[in-house]
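test case, fold it:
(one chain, ligands or ions: 1)
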Amino acid sequence: LCPEEAFVTLATCDSYAKGAMVLGQSLRDHHTTRKLVALLGPHVTEEAIKSIFDEVCVVNLIDSEDKANLALMKRPDLGVTFTKLHCWTLTQYSKCVFMDADTMVLSNIDELFEREELSAAPDPGWPDCFNSGVFVFKPSVETHEKLLTFCSENGSFDGGDQGVLNSYFDTWATADISKHLPFTYNLSSIAIYSYLPAFKQYGHNAKVVHFLGQVKPWNYSYDTQKGEVKGHSVSQQPGQLHPDYLLLWWQLYAKSVAPLLQKAYGNVPFHSGFVEVILYHSSTCTDHEQTSHPAAPAAPEPPKLSSEERKKRWEAGQIDYLGDDSFANIERKLDTFLK
Ligand SMILES: [Mn+2]
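Numbers count the residues shown, from 1 in each chain. The predicted structure follows:
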């Protein structure tokens, strides 16, 4: 047992917290011997997360009086990025593996702790960049401060942490092949559909699934009676989440996470988390992917509903996440109120 090493994730809003809990539970189910740490944004409810994670740290950069706050004042656009960089301050651990809250493990991956900083898998969109959804790092106050300085001076070429980290660890592509994690440690749906024969050949080796893209597993809903994910089209197209992995996410959620939420928050019917996205403004509840990868292609136009009919459906829980009620549309609406 190595208590000095930990898996670390980040949730900046309650819907990502659900993802973090599925991730944490998937690590537990595969018997990790390492600690589990969750970094939470200031508005995230901690209660249920504590029953899966060993350590929960609330990161509120705005209230802190350190370099991170200064960096945030200079570059408010990089708030989520600074929050993620906070993982370098976890110096009670000698080594960590960061995993996005939209990832899920399919097997034990403790062997990743044999790797050095900064080890990561290639990004499917630009394989000379690493994808920052899964990476091995060594906590260090010094590295943290250097990253903050670098970030506030240079910004991020993709607007998120992946751009910053790739610019900072800029020899990753060429210097040391041992820092290239196999793609199976960060398998995304985008890659599955852009090279299906490779997925058929190697997909069974997948160890970590990354639900990359704008639509996340928690944006769907799940019929516990039938054991089916609702609102997911079976057609295979880029940007779609793979139906098998999506189902696996929901099975884990229904079996292990929903009961914890029920215990912590009472018998309120589960809703997908989308409503919280609206409460906590979008900029605090996204990750790097929204800027670095294209959205799912538009589905065929469904017949137009009246706004009254849409309201009725919304209230009945039939939310058209990919169409009229898509996040982009809601954000546009919110923006008109904010201006
Ligand atoms: Mn991600």
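
just the helices in this structure please.
Along the chain, the stretches classed as helices by DSSP state H are 14-29, 67-74, 79-85, 141-154, 161-168, 189-194, 196-202, 243-252, 258-265, 274-279, 289-292, 307-315, 327-338.

could you check how far the first one is from the centre of its chain?
Going back to what we said before, that points to helix 14-29. How far helix 14-29 lies from its chain's middle: 10 Å, per Cα atoms, centre = their mean, to the nearest Å.

same deal with the second one?
The offset between the C-alpha centroid of helix 67-74 and the centroid of the whole chain comes to 23 Å, using Cα atoms, centre = their mean.

before we move on, back to that, quick one: closest of the helices of the chain to the ion.
Each of the helices of the chain has some distance to the ion by Cβ to the ion; the shortest is helix 289-292, at 5.3 Å. Any C-beta I mention is one placed from the backbone N, CA and C, and that applies to glycine too.

ramachandran coordinates for the one residue in the stretch 1-150 of the chain that gets nearest to the ion?
Proximity of the stretch 1-150 of the chain to the ion (Cβ to the ion) peaks at Asp100, 3.5 Å away. Dihedral pair for Asp100: phi -60, psi 150, per degrees, to the nearest 10.

once you drop chain neighbours, what's closest to it?
The shortest distance from Asp100 to any residue other than its chain neighbours is 4.0 Å, reached at Gly133 (Cβ to Cβ, 6 or more residues apart in numbering).

next, the contact list for that neighbour, please.
Gly133 makes contact with 99-100, 102-103, 186, 188, 210, 212, 287, according to Cβ atoms under 8 Å, 6 or more residues apart in numbering.

pLDDT (mean, whole number) over stretch 183-194?
Here stretch 183-194 scores 89 as its mean pLDDT.

my bad, stretch 24-35
On average, the pLDDT along stretch 24-35 is 98.

what are the buried residues along it?
Buried residues in stretch 24-35, counted by 16 or more other Cβ atoms under 10 Å: 24-27, 32, 34-35.

I'd like these as TSV, with distance to the ion appended.
Listed next are the buried residues of stretch 24-35 as TSV, based on distance: Cβ to the ion, whole Å:
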residue	distance to the ion
Gly24	15
Gln25	17
Ser26	15
Leu27	16
Thr32	20
Arg34	20
Lys35	21
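
tell me which of the residues you listed is nearest to Ala71?
Of all those, Lys35 has the smallest distance to Ala71: 27.3 Å, by Cβ to Cβ.

excluding its backbone neighbours, what's nearest the closest one?
Closest residue to Lys35 apart from its sequence neighbours, by Cβ to Cβ, 6+ apart: Ala6 at 4.0 Å.

let me see the contact set for that neighbour.
Residues in contact with Ala6 (Cβ under 8 Å, 6+ apart) are 34-37, 54-55, 90, 93, 96-97.

repeat that with 10 Å
Contact analysis of Ala6 by Cβ atoms under 10 Å, 6 or more residues apart in numbering lists 32, 34-37, 53-55, 87, 90, 92-98, 113, 139.

Asn69 now?
60-63, 82, 148.

narrow these to those that are buried.
Neighbour-count burial (16+ other Cβ under 10 Å) is assigned, among those, to 61, 82, 148.

want to throw the residues you listed into CSV with pLDDT?
Output for the buried ones among the contacts of Asn69, formatted as CSV (pLDDT from 0 to 100):
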residue, pLDDT
Leu61, 80
Phe82, 87
Leu148, 91
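
interface residues of the stretch 51-200 of the chain facing the ion?
Within the stretch 51-200 of the chain, the positions near the ion by Cβ under 5 Å from the ion are 100, 102, 133.

okay, stretch 207-225 in PDB with CA atoms only?
Provided in PDB are the C-alpha atoms of stretch 207-225 (Å, rounded to 0.1, in the frame of the first residue of the first chain):
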ATOM      1  CA  LYS A 207      -8.400   1.000 -19.400                       C
ATOM      2  CA  VAL A 208      -9.800   4.500 -19.200                       C
ATOM      3  CA  VAL A 209     -12.700   5.900 -21.100                       C
ATOM      4  CA  HIS A 210     -12.900   9.700 -21.500                       C
ATOM      5  CA  PHE A 211     -16.300  11.200 -22.400                       C
ATOM      6  CA  LEU A 212     -14.700  14.000 -24.300                       C
ATOM      7  CA  GLY A 213     -16.900  16.600 -25.900                       C
ATOM      8  CA  GLN A 214     -19.800  18.900 -25.000                       C
ATOM      9  CA  VAL A 215     -22.400  16.200 -24.200                       C
ATOM     10  CA  LYS A 216     -21.500  14.300 -21.000                       C
ATOM     11  CA  PRO A 217     -23.000  11.100 -19.600                       C
ATOM     12  CA  TRP A 218     -24.900  13.100 -17.000                       C
ATOM     13  CA  ASN A 219     -26.700  15.100 -19.700                       C
ATOM     14  CA  TYR A 220     -28.700  11.900 -20.600                       C
ATOM     15  CA  SER A 221     -31.100  10.200 -18.300                       C
ATOM     16  CA  TYR A 222     -31.500   6.600 -17.400                       C
ATOM     17  CA  ASP A 223     -34.400   4.200 -17.100                       C
ATOM     18  CA  THR A 224     -33.600   2.100 -14.100                       C
ATOM     19  CA  GLN A 225     -36.500  -0.300 -14.800                       C
END
